[in-house]
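Give me the fold of what follows.
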Amino acid sequence: MTAYTTYRIFESREEAAAMQALLSKNGIPNSMEEGKAIFDTPIVGAMNMQQYFVKIPQDKFLTANAILEAAVDLNALEVEDDYYLLSFTDGELLDLVKRRDEWGEFDYALAKKLLAERGISLNDSQLKEMQEKRIAELKTTESPGIGYICGGYLAALLVAMAGVGIGLYLRSAYRKLPDGTTVHKFEESARQHGLWIIVMSVALKLGQIAYLFYYGIPFSPVRVLFWGFGRKFF
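Okay, the predicted model is just below:
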């Protein structure tokens, strides 16, 4: 069975359904999943917006990208005079084209049109080269910084759950590439620190629980277990 990966996230069912219709029309299999609010009570209310996840096979991402780009008809859409892209410099527009994964299809198409109107036309070879450089950039891992790592160890000592959260972030944070594949965000050494922060957080929490059992419950199994060296460690 082909595994489906999230391709686009929408805040309304209508937008998600429109995306599904376009994908299906072009022969790309897809599915939609509805996200549930984390908190939804009469007092607190919904703490996050309802979301709809349109998913497709990972190997269809690039094809879907091309379909969405071709579906944008700038001539059929009116661009308001105060639309923010109109105030972008040539350099900012070029950066937008390079980072097309961070922008919508309309903005990407409009940026190319504006550049062409300013005498900067980009051919397919140039666009491909820009995307290859962007993918190489996204694949490059980064360092979270010594302060972040030290903060993780400090959190492990003071608040175990916070330490686990930071450790998991360092360990598992990733970027999704335009082709749907994922790569780790942080370098291997930072991911290793994340693992040790998780281990330290859990170990110290278990030690705290053992301490509470040892002193709080007479003749508890934990107290018997630590009888031989309890005075030394507790």
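
how is the chain carved up into domains?
As given by automatic domain parsing, the domain ranges for the chain are 1-71, 72-140, 146-233.

I'd like those domains as TSV, with mean pLDDT and mean neighbour count appended.
No exception for glycine: its C-beta is placed from N, CA and C like everyone else's. TSV is the format used below for the domains of the chain (pLDDT from 0 to 100; neighbours: other C-beta atoms under 10 Å):
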stretch	mean pLDDT	mean neighbour count
domain 1-71	82	14
domain 72-140	89	13
domain 146-233	83	15
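
got the contact list for K185?
Going by C-beta atoms under 8 Å, 6 or more residues apart in numbering, K185 touches T141, E142, A173, Y174, R175.

What are the phi and psi values at it?
phi -80, psi -40 (degrees, to the nearest 10).

From L195, how far out is the closest residue to it other than its chain neighbours?
Excluding the flanking residues, the one nearest K185 by C-beta to C-beta, 6 or more residues apart in numbering is A173, at 4.0 Å. From A173 across to L195, the span is 13 Å (C-beta to C-beta, to the nearest Å).

and what of D81?
Counting by C-beta to C-beta, the gap from D81 to L195 is 54 Å.

now for the helix ranked longest in the chain, which elements pack on it?
In terms of residue count, the longest helix belonging to the chain (DSSP state H) is helix 188-216. Helix 188-216 is packed against helix 146-158, helix 160-172, helix 221-225, with contacts defined by 3 or more C-beta pairs under 8 Å, 6 or more residues apart in numbering; DSSP states H and E.
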